[in-house]
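S.K.: Have a look at this prediction, sequence included:
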Amino acid sequence: MVRPKKFLGQHFLHDKGIAQKIVDALRVAPEATVLEIGPGTGVLTRLLEPQLPALHLIELDRESIAYLHQHFPRLRMANQIHEGDFLEMDLTRFAAPLHIIGNFPYNISSQIFFRVLEHRQQVVQTVCMIQKEVADRIASREGNKTYGILSVLLQAFYNIEYLFKVPPGVFTPPPKVQSAVIRLIRNERTALPCNEKLFYRVVKQAFQTRRKTLRNALKNLNLPPSLTAHAWMDKRAEQLSVENFIELTLLVEQHGAAGTI
């Protein structure tokens, strides 16, 4: 038995139909390198393992590790079951391009996405089940109240597809929130045309006080009058697209207004 552990945010999917839909959403060739995060009791692994020789599992829970070793001997013999924390693991040990799949622990899903962003040149696809509220935020476009920091940063480098919702009853134990499955596919942007650290700073600063206009939200950047007079400064962060944020960052660079990046 593998007991779901609250401190790890574990909710084990037991619906085989939902599991099949998640696996079917992963678009890979048989020879692809696929990383499953938090396989738990292997509900997705059972479907993935027969068709993917280069499937790797990352699991933090020791009970789950013991279960996976027992039920997936081929992966154990090939050293493809890795005990550890995905957030701390060196992803360069895995061959690129890398595809990620999993039912992400809801309490660290945002951290996982920031980790994916760090390795965006390696991670070309992510299919995951996460809290519906987070899925809504990531897939949201400008002009929506759910549009935020993760929306902008992920959409800068990935095409986001909102696939389907998942009810609480298909998990053990049932979570207190709705879930959803999304797919991220790497877009063609190899690098931003602006300073990337400054772009992140502008986006985060703009959304920290999202009810304020950009003129007030970006005060800490010491914007000169020539820039605060720009038409965008009368808007709020949620009204700017990814491209708008890139252009805004370029303007901040050109005016030398950002101080120390």
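M.R.: Sure, I can see it. Here the structure is a predicted model, which is why all the values come from computation and not from measurement.
S.K.: CA only for contacts and neighbour counts going forward, please
M.R.: Will do.
S.K.: In this structure S151 contacts K145, no?
M.R.: No. Contact criterion Cα atoms under 8 Å: S151 and K145 do not qualify, at 11.2 Å.
S.K.: Which one's more surrounded, the two?
M.R.: S151 (23 against 12; other Cα atoms under 10 Å).
S.K.: Torsion angles phi and psi at C194?
M.R.: phi -130, psi 170 (degrees, to the nearest 10).
S.K.: low-scoring pLDDT stretches of the protein, where are they?
M.R.: Low-confidence segments of the chain, defined by pLDDT under 70, are located at 4-5, 7, 256-261.
S.K.: Which helix or strand contains the residue nearest in space to the middle of it?
M.R.: Of all residues in the chain, the one closest to the mean position by Cα atoms, centre = their mean is F113, 2.7 Å from it. In the assignment (DSSP states H and E), F113 maps to helix 109-118.
S.K.: cool, S226 as well?
M.R.: In this assignment (DSSP H and E), S226 forms part of helix 225-228.
S.K.: which helices and strands sit right next to the very next helix or strand once past that helix?
M.R.: Beyond helix 225-228 on the C-terminal side, the first helix or strand identified by DSSP H and E is helix 242-254. Under the contact definition 3 or more Cα pairs under 8 Å, 6 or more residues apart in numbering; DSSP states H and E, helix 242-254 sits against helix 149-155, helix 196-208.
S.K.: hey, which of the ones you listed is tucked in deepest?
M.R.: Most buried of those by mean neighbour count (mean count of other Cα atoms under 10 Å) is helix 149-155; its value is a mean of 22.
S.K.: Give the other helices and strands that that helix contacts.
M.R.: With contacts taken as 3+ Cα pairs under 8 Å, 6+ apart, helix 149-155 sits against helix 109-118, helix 132-139, helix 196-208, helix 242-254.
S.K.: L48: which of the helices and strands packed on helix 242-254 is closest?
M.R.: Among the helices and strands packed on helix 242-254, the nearest to L48 by Cα to Cα is helix 149-155 (25.8 Å).
S.K.: ok, and what's touching that closest one?
M.R.: Identification of contacts with helix 149-155 by Cα atoms under 8 Å, 6 or more residues apart in numbering yields 110, 113, 117, 137-141, 200, 203-204, 207, 241-242.
S.K.: CA atoms only: put that helix into PDB for me.
M.R.: Output of helix 149-155 as PDB, limited to C-alpha atoms (Å, rounded to 0.1, in the frame of the first residue of the first chain):
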ATOM      1  CA  ILE A 149       2.800  36.600 -14.000                       C
ATOM      2  CA  LEU A 150       2.700  32.900 -15.000                       C
ATOM      3  CA  SER A 151       0.500  33.600 -18.000                       C
ATOM      4  CA  VAL A 152       3.000  36.100 -19.400                       C
ATOM      5  CA  LEU A 153       6.200  34.200 -18.600                       C
ATOM      6  CA  LEU A 154       5.100  30.900 -19.900                       C
ATOM      7  CA  GLN A 155       3.300  32.200 -23.000                       C
END
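S.K.: Many thanks, we can stop here.
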